[in-house]
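Below: sequence and its predicted model.
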Amino acid sequence: MPVKNRFAELQSEITDWRRDLHENPEILFETHRTSALVAEKLRAFGCDEVVEGIGRTGVVGVIKGKTDASGKVIGLRADMDALPILEDTGLDYASKTPGAMHACGHDGHTAMLLGAAKYLAETRNFDGTAVVIFQPAEEGGGGGKEMCDDGMMDRWNIQEVYGMHNWPGLPTGSFSIRPGAFFAATDVFEVTIEGKGGHAAKPHETIDPTVASAQIVTALQTIAARNANPVTEIVVSVTSFETSSKAFNVIPQRVTLRGTVRTLAPENRDLAETRITEICTGMAAALGCVATVDYTRNYPVMVNSEEQTEFAAEVARAVSGDCADAPLVMGGEDFAFMLEERPGAYILVGNGDTAAVHHPKYNFNDEAIPAGCSWWAEIIERRMPAA
């Protein structure tokens, strides 16, 4: 079965929703306009229940099938939040909010799930219950965890959950997936190196935290190169080097380093936290400084369930004719929290030859809408076939 005819008919309308969302991006949990718009549309579609305020600003819609003999309940999740990026696309519908932009395609995800919800509420050609989940704060805020902590899974008795992300470089409307570990755990660290500041012409009267910090940055690369098993995946990146002075002739009192760790194995996550602390405190002490390390574990590894992944791929092949094997991704995805609560799968849908996500020139490809909507609708109709 190719894309559903109904989504070809609805594509123009769904595109309008998407471009409105693109023009009005909201960050983290501040998705007040977006959440209200989603809830309004779900009610207009005739959803049996629409609840706002789950996980602060999340929205949940419930659509019952023609029958419920199966007792099955399946969740479909889309993220709603934008990024703190200044848009550089020149689009007619470019962001009207300076410094905020839908640079990851969450506007497309939200619009596609709204399209699927409209279709499912119209047809109800399934035996069970579909729960559509619109989540805030995927981009670093842990909105998925907040919705789960609010009791979403138990409240609606969700038994399986499925998610989707657009993917630049993958042919438009095609799909890609992998079972097991898929997206990496994403931890962050902040290290403060305290020395003794002074005049740059008198370094002997100071304890220079800049030199110590520079050596620490280099030494941290040994975690991946010399501590971790070389056949496993681990990334340790220092992304910010900030001194307490901006003057050319001042040795600063302190330096703050910030960075991220990406891992796919629990042992590497533990290793990175231990070694970052040891390297930073030990090297700082050797050079007369004091280092304080703050290590925070953020999103866990996102793990696709085996059975649900095969089913998701089967649906993708029915929609587009093929479903490729996806590579491991060292980016993070807080759908991981939902997959820790329930079995399910996360799939990539092709965005074509576009700028990469998180880039100022990125834009979601509206030509992917029929395929994405069809996949979500087919997940419901095939997993809970009408009696």
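Ah, there it is. Residues are numbered from 1 along each chain as shown.

residue ranges for the helices of the chain, please.
5-23, 32-45, 106-123, 143-149, 152-155, 209-220, 222, 266-286, 306-320, 335-341, 369-383 (DSSP state H).

Quick check: buried residues in the fifth one?
Counting neighbours by 16 or more other CB atoms under 10 Å, one finds that the buried residues in helix 152-155 are M152, M153. Backbone N, C-alpha and C define where each C-beta goes, glycine included.

and it, what's its mean pLDDT?
Mean pLDDT, taken over the full extent of helix 152-155, equals 98.

from the middle of its chain, how far away would stretch 207-215 be?
Relative to the mean C-alpha coordinate of its chain, stretch 207-215 is positioned 35 Å out (CA atoms, centre = their mean, to the nearest Å).

So what touches that stretch?
If you take CB atoms under 8 Å, 6 or more residues apart in numbering as the criterion, stretch 207-215 is touched by 193-196, 241, 243, 251-255, 257, 283-284, 287-289, 291.

one more time with 6 Å
I193, G195, K196, I251, R254, V255, L257, M283, A284, L287, G288, C289 (CB atoms under 6 Å, 6 or more residues apart in numbering).

Of the helices of the chain, give the one that comes closest to G163.
helix 335-341 (4.4 Å; CB to CB).

Low-confidence regions, the stretch 251-387 of the chain specifically.
Residues of the stretch 251-387 of the chain meeting the criterion pLDDT under 70: none.

how near is the closest residue to N157 other than its chain neighbours to E146?
Excluding the flanking residues, the one nearest N157 by CB to CB, 6 or more residues apart in numbering is V73, at 5.0 Å. Taking CB to CB, to the nearest Å as the measure, V73 falls 21 Å from E146.

Also G75?
Distance of G75 to E146, computed by CB to CB: 15 Å.

likewise I207?
For I207, the distance to E146 - CB to CB - is 43 Å.

Over to R124?
Counting by CB to CB, the gap from R124 to E146 is 30 Å.

what does L86 give?
Applying CB to CB, the value for L86 to E146 is 27 Å.

Counting neighbours, go ahead and name the busier of the two.
E146 (21 against 12; other CB atoms under 10 Å).

Correct me if wrong: the more buried one contacts G55.
Yes: using CB atoms under 6 Å as the test, E146 is close enough to G55 to be in contact (3.5 Å).

related to what we said a few turns ago, let me have the helices of the chain in TSV, extended by distance to P168.
Formatted as TSV, those follow (distance: least, CB to CB, whole Å):
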stretch	distance to P168
helix 5-23	16
helix 32-45	22
helix 106-123	12
helix 143-149	22
helix 152-155	30
helix 209-220	30
helix 222	33
helix 266-286	27
helix 306-320	17
helix 335-341	19
helix 369-383	14
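
Out of the ones you listed, flag the one nearest Y299.
Of the helices of the chain, nearest to Y299 by CB to CB is helix 335-341, at 5.4 Å.

Give me the buried positions along that closest one.
F335, A336, F337, M338, L339, E341.

which residues does the fourth one contact?
Contacts for M338 were tallied using CB under 6 Å, 6+ apart; they are G144, V161.

repeat that with 7 Å
With contact taken as CB atoms under 7 Å, 6 or more residues apart in numbering, M338 is in contact with R77, G144, C148, V161, G344.

Restricted to buried residues, select these in PyMOL.
What follows is the PyMOL syntax selecting those of those that are buried according to 16+ other CB under 10 Å:
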select buried, resi 77+144+148+161+344
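
Nearest to W167 among the contacts of M338?
R77 (16.7 Å).

Okay, the residue nearest to the closest one when sequence neighbours are not counted and T67: tell me how far apart.
Nearest residue to R77, sequence neighbours excluded (CB to CB, 6+ apart): I133, at 4.1 Å. Applying CB to CB, the value for I133 to T67 is 23 Å.

quick one, which of the two is more surrounded?
Shown here are I133 and T67; by other CB under 10 Å, I133 has more neighbours (27 against 13).

quick one: the more buried one and M80 touch, right?
No: with contact defined as CB atoms under 7 Å, I133 does not reach M80; the gap is 10.2 Å.

Now do the contacts for the closest residue in space to T172 that isn't next to it in sequence.
Distance criterion CB to CB, 6+ apart; nearest residue to T172, sequence neighbours excluded, is G352 at 3.8 Å. Contacts for G352 (CB under 7 Å, 6+ apart) come out as P171, T172, N365.

With T256 instead?
Contacts of T256 by CB under 7 Å, 6+ apart are E190, T192, E242.

Show me what it bridges to in the sheet.
With DSSP bridges applied, T256 shows beta-bridge pairing to T192, E242.

quick one: contacts of stretch 150-163?
In contact with stretch 150-163 (CB under 7 Å, 6+ apart) are residues 54-55, 60, 62, 72-77, 131, 308, 312, 335, 338-339, 341-346, 379.
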